[in-house]
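> sequence first, predicted model second:
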Amino acid sequence: MRNHSLLGKIGIYAAVAATCGLLLFPIYWMFITALKPANRLRDFPPEFWPENPQWNVFADVLNSQPFGLWMWNTVLVAIATMILSLTVGTLAAYALSRFRLRGGQGLGLFILTSKMLPATLLIIPLFVVFRSLGLTGSLWSVIIAQSTLIVPFATWMLKGYFDTIPPELEQAALVDGASPLGAIVRIVLPVAAPGMAATALYAFVISWSDFLYARTFLTTSESKWTLNMGIATLKGEFVTDWNVIMAASLMAAVPIVGVYLFLERYLVGGLSAGSEK
Amino acid sequence: MKRFTKTLAVTALSLSTALTAMPAAAETLTFVSWMKGEPGYGDWWNEVIAKFEAEHEGVNVEMTKVARAEYADTMFTMFAGGNPPDIVHLAAFEYQPFADEGWMEPLDAYIARDGKDLAGWAGQGTCEWEGQTACIMLLYTAYVMAYNEKLLAEAGITEPPSDWASYLAAAQAATKDTDGDGTIDQYGVGVASTGGANMMHDILHYVLDAGGAWTVDGKPAFDSPGVIEGLERFKTLYAEGLTPRDLGAGDMRQLMKEGRLAIRLDGPWIWNIVQGAEPEILADLKLAPSPFDPPVGGTSNVIGMPSDISDERKELVWDFIQTATSQEMQQRFATLGSSPAPMPGLDYAAEAASNPYFTLFAESNERAAAAGVDRLPKGLEIEFNEVTKLLFREAQRMLIEDLSAEEAAKNIQDAVLKIAG
Amino acid sequence: MIDFSSPRHRSKFGYLLLAPAVLLMALIIIYPILLSVDISMKDVRIARIGKAEPWTLKNYAWLFGSEEFWNAIWVTAKMVLMVGGTALVIGLATAILVNQRFKGRSLARLFVALPWAVPEVVATVIWAWMLDSSFGVINWALLKSGIISEGIQFASNATASFYSVCFVMIWKGYPLVSIMLLAGLQSIPQEQYQAAEVDGAGVWQRFFYITIPNLMPVIGVTMVITTLWVFRDFAIIHVLTQGGPIGATTTLSILTFEQSFSFFRMGQGAAVGVVTMIICAVISRALVSRFANSVH
């Protein structure tokens, strides 16, 4: 990469500003809408900064709905999904990277299959599966379902990482008396840490986004709802308060965006290692 | 690394505790409803639940809200997966596929055993499915007209409209661009057009007024002159831009509250909803009888029990239904819902005294009932969602491709016959 | 206990490591697929799990004879091309842009991918409000700038609905494309560019002879992911248009849902779903092997 001329620089900044502006405007608009009083929402022309911002809308949402509880559930689901998919994905990726396994190729197809199913097709069979496991109404149902959809991606990304680590490293550890699992934990994982961070981010984002599964498996127990379900039910049959919906949405988006801001730096690195096959 | 492993282990442990923590093992009846938290009806359900829990120690009712837009398919998933809610609350136009599948426990044995008297119970006939009582009707109601007196007066309309011609004239006069920026920001009428049952009910006003009906003797009659006339009127309101476009019933009610909509035909719930408006707007919001004859009316929602639960639970659910349909709670229903309850013979003197429009609701109900009106197209109960969708699609096609009402009506009739066959 | 470090048991250890993944897949993916295939072969409105019904091809006969199905195929194909193509082009442009050297680059990278992290429910809520035909800010902006003279009816104008759905999908989906392409760009060895520059290759030549060929495998994977996402996506369309108007945004995924859950015709719904799955399998195989072969 060379340094750019002044004109080139201006061009770059202009392009970056335009791209970011277009991409981020909806998020700004969500924020502004949340702050407007309910009876000014439908003003035309719209206000771009409310003259009378209603900051208490956030407190109203928290007080009128068990929002904190839903947030906590969502956090639990996201963390558990992250741990489960990362664990299962790491083991599978390591196996595929180190062993010539019969059927290992077939797993590649498997990986794609999980991305192919219209989720709407899976709902009823999955409902039956979780009911026979006694997990409907439990956060585990969403965690397991989401993890399964994340494992393929995790496996794909981590396998790329593991392929770059010379097997001699673990063999040396084995010679030193480490167990096979110990060798993975102590030698391979630290090297693959950026890839794991990227996978963790992916798992967080995907599970935070889940709506269909939560709605299907957790409907009857409001104490187990996740944020997205809470937001969806705010849109009432009789009235729709867009400012309240936007405030709730904003609060639901803040934590995941925070995680994203923190882990984003690993994503590009993790992906580029993963794509070097 | 060691510290990392340790942190991971601790996190995993605390997570598994948090995830498996179960509430104390009291008996819990699950109850899903779209009405939770809504003004009026939501309060009524809370009272029913409180009374039931007071009478049944150790039994909880866990009420959960599911948005109306996702209601039917969520309930469907739960029933199909074999895990229905204990207390089944459904719209009167959507319980039939559930009953047809044998998912709803017939209530006849319970009714006979406890000698429950349902004679004269408004709309209860709709709960009969294949000769059995699948549910108990919770609300039979008729639509009224909500209007903004000030907006109509400013448009030179002093009397609330009383027929189609005056309704159209009022809509035309009240639709305007108040701030002169070139875009309409105040609308004469609010007709839902985002599909779904609400849109179908909103069109039904014009169909009934023109002497039509969706079905005649259980046979689809979408190409009958009355329906054609109804569609024509709907198209007029749209083509002239007298209603906001692409908005659902909920948004229309919000516009009413904000004083940007002059007229909206709606159920008695509109009264409870507009109470949330700013005082100076609320002062102008008035109700009047529907200008159309007969008014749209009909069965609204039902309560029942699933066939898939244990007998002991069924007894509890039956007790809950008994509580909800008891004289005391029916009276409360009239008070909180500000409209007559389905139970016959209640004394509404107190409600009529405290709510200026209670008598209007009661009279509208009688008008609709006397005309034998029901929002539900008889004979198409199982296919109702499909019919709704078809009607929506063809109504949109009529507006987009500027088809005549006759062509649209014929398209609907053909499509309905295809799926009903 | 088996000594897994001995060579004889090495591969057993490998299978053991794979077991959790396989178990999850079998439970959450394979079993539901088999069940769906089973339901799609039964002439039922509402399927009872475990209840034996004779198999029939009636649902597939309905499928191939119905206008709605072919319409859904057409809509899905258009949407895949539109969203996939646009996401690829602007994703690549964005990736190249934020791969340049400039102050605030890491901040820019952070922002361009932000919509990816916004939960889908939240994203659709925002866009549904912004695209509101009567009071939405988009219509206002278009009117104000003089592009249109009358507000666009996003929900009742077939073309506008289709493009607004595509637009929202691109907004939500393209950031991941640009991150993946950026990762791809960074793994291209710098020596190749330097060598080409020494040989006198211009910017465009370097782009076409070095960047694109090197990116091919990543582009392949990205395209598969985007394509499958458009095929699968339900929430965005369901909230914005419910598949309307007149079927203009009814994709296969929406059709599956509508048949199974709105019309209670699970047999037909499952048939649509199974066919969707087969189409996706064929496309992904074709895309992956094609792009993978082009470099190796």
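Everything's here; your move.
> okay, now the domains of chain A?
Split into domains by automatic domain parsing, chain A comes to A:1-54, A:64-275.
> which residues of the stretch 201-350 of chain B fall in helices?
With DSSP state H, counting those that start in this stretch as the definition, the stretch 201-350 of chain B shows helices at residue ranges B:225-239, B:249-258, B:269-274, B:279-282, B:311-324, B:327-337, B:349-354.
> for residue A:144, find the nearest of those helices.
helix B:311-324 (27.7 Å; C-beta to C-beta). Where you see a C-beta, it was placed from the backbone N, CA and C, and this is true even at glycine.
> what's the pLDDT at residue A:222?
pLDDT, residue A:222: 77.
> specify the local secondary structure of the residue lying closest to it once chain neighbours are set aside.
Sequence neighbours aside, residue B:64 is the residue nearest to residue A:222 in space, at 4.6 Å (criterion: C-beta to C-beta, 6 or more residues apart in numbering or on different chains). Under the three-state scheme (DSSP: H, G, I helix; E, B strand; the rest coil), residue B:64 adopts strand.
> need the per-residue pLDDT for residue B:64.
As predicted, residue B:64 sits at a pLDDT of 88.
> so it sits against residue A:220, correct?
Yes: contact criterion C-beta atoms under 8 Å: residue B:64 and residue A:220 qualify, at 5.7 Å.
> and residue B:329, what does it touch?
Residue B:329 is in contact with B:44, B:47, B:48, B:51, B:323, counting by C-beta atoms under 8 Å, 6 or more residues apart in numbering or on different chains.
> and which of those residues is nearest to chain A?
Within the contacts of residue B:329, the smallest distance to chain A is 14.0 Å, found for residue B:44 (C-beta to the nearest C-beta).
> now the spatially closest residue to the closest one that is not a sequence neighbour: how far from residue B:194?
Among residues not flanking residue B:44 along the chain, residue B:336 sits closest, at 4.3 Å (C-beta to C-beta, 6+ apart). In this view, residue B:336 and residue B:194 are 28 Å apart by C-beta to C-beta, to the nearest Å.
> likewise residue B:316?
When distance is defined by C-beta to C-beta, residue B:316 is 38 Å away from residue B:194.
> please see if stretch C:118-127 touches chain A.
Yes: looking at stretch C:118-127 against chain A by C-beta under 8 Å from any C-beta of the partner chain, the contacts come from C:118, C:119, C:120, C:121, C:122, C:123, C:125, C:126, C:127.
> what helices and strands are in contact with the helix or strand where residue C:170 lies?
Element membership for residue C:170, per DSSP states H and E: helix C:158-186. With contacts defined as 3 or more C-beta pairs under 8 Å, 6 or more residues apart in numbering or on different chains; DSSP states H and E, helix C:158-186 has these neighbours: helix A:6-35, helix A:242-275, helix C:67-98, helix C:105-112, helix C:114-117, helix C:120-130, helix C:212-232, helix C:235-240.
> distance between the following helix or strand past that helix and the chain's centre?
Toward the C-terminus, helix C:158-186 is succeeded by helix C:190-198 as the next helix or strand (DSSP H and E). How far helix C:190-198 lies from its chain's middle: 35 Å, per C-alpha atoms, centre = their mean, to the nearest Å.
> name the helix or strand of the chain that has the lowest mean pLDDT.
The chain I'm using is chain A. The weakest-scoring helix or strand in chain A, judged by mean pLDDT, DSSP states H and E, is helix A:104-116 (a mean of 63).
> quick one: contacts of the following helix or strand past that one?
For helix A:104-116, the succeeding helix or strand toward the C-terminus, using DSSP H and E, is helix A:119-132. Contacts to helix A:119-132, defined as C-beta under 8 Å, 6+ apart, come from residues A:136, A:141, A:144-145, A:212-213, A:216-217, B:77-78, B:80-83, C:27-28, C:31-32, C:35-36, C:47, C:49, C:232, C:234, C:253, C:256-257, C:260-261, C:266, C:269-270, C:273-274, C:276-277.
> circling back: buried members of the contacts of residue B:329 into ChimeraX, please.
Only the buried members of the contacts of residue B:329 enter the following ChimeraX selection, criterion being 16 or more other C-beta atoms under 10 Å in any protein chain shown:
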select /B:44,47,48,51,323
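> tabulate the contacts of residue B:329 (CSV), appending secondary structure and distance to residue B:307.
What follows is these, written out as CSV (DSSP: H, G, I helix; E, B strand; the rest coil; distance: C-beta to C-beta, whole Å):
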residue, secondary structure, distance to residue B:307
B:44, helix, 27
B:47, helix, 28
B:48, helix, 23
B:51, helix, 26
B:323, helix, 21
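> before we move on, back to that, between the helices of the stretch 201-350 of chain B, which gets nearest to residue B:105?
It's helix B:311-324; of the helices of the stretch 201-350 of chain B, that one is closest to residue B:105 (C-beta to C-beta) at 6.3 Å.
> list the residues that contact both of residue B:64 and residue A:220?
Common contacts of residue B:64 and residue A:220, defined by C-beta under 8 Å, 6+ apart, comprise B:30, B:32, B:85.
> check contacts around the closest residue to residue B:203 other than its chain neighbours.
Closest residue in space to residue B:203, ignoring its immediate chain neighbours: residue B:234 at 5.1 Å, by C-beta to C-beta, 6+ apart. For residue B:234, the residues meeting the contact criterion (C-beta under 8 Å, 6+ apart) are B:191, B:203, B:206, B:395.
> and with 10 Å instead?
Each residue near residue B:234 by C-beta atoms under 10 Å, 6 or more residues apart in numbering or on different chains is listed here: B:191, B:193, B:199, B:202-207, B:243, B:395, B:398-399, B:405, B:408.
> could you do residue A:250 as well?
By C-beta under 10 Å, 6+ apart, the contact set of residue A:250 is A:27, A:30, A:31, A:33, A:34, A:35, A:57, A:58, A:61, A:257, C:122, C:126.
> which regions of the stretch 1-150 of chain A sit below the pLDDT cut-off?
Along the stretch 1-150 of chain A, the parts satisfying pLDDT under 70 run over A:1-4, A:44, A:101-116.
> residues of it that sit close to chain B?
Residues of the stretch 1-150 of chain A lying close to chain B (C-beta under 10 Å from any C-beta of the partner chain) are A:37-45, A:64-65, A:72-73, A:75-77, A:79-80, A:83-84, A:86-87, A:120, A:123-132, A:136-140, A:143.
> the residues you listed in helices, which ones?
Among those, the members found in helices (DSSP state H) are A:64, A:72-73, A:75-77, A:79-80, A:83-84, A:86-87, A:120, A:123-132, A:139-140, A:143.
> before we move on, back to that, redo the helices and strands packed on helix C:158-186 as JSON lines? Include distance to residue B:168.
Formatted as JSON lines, the helices and strands packed on helix C:158-186 follow (distance: least, C-beta to C-beta, whole Å):
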{"stretch": "helix A:6-35", "distance to residue B:168": "35"}
{"stretch": "helix A:242-275", "distance to residue B:168": "31"}
{"stretch": "helix C:67-98", "distance to residue B:168": "36"}
{"stretch": "helix C:105-112", "distance to residue B:168": "52"}
{"stretch": "helix C:114-117", "distance to residue B:168": "45"}
{"stretch": "helix C:120-130", "distance to residue B:168": "31"}
{"stretch": "helix C:212-232", "distance to residue B:168": "44"}
{"stretch": "helix C:235-240", "distance to residue B:168": "32"}
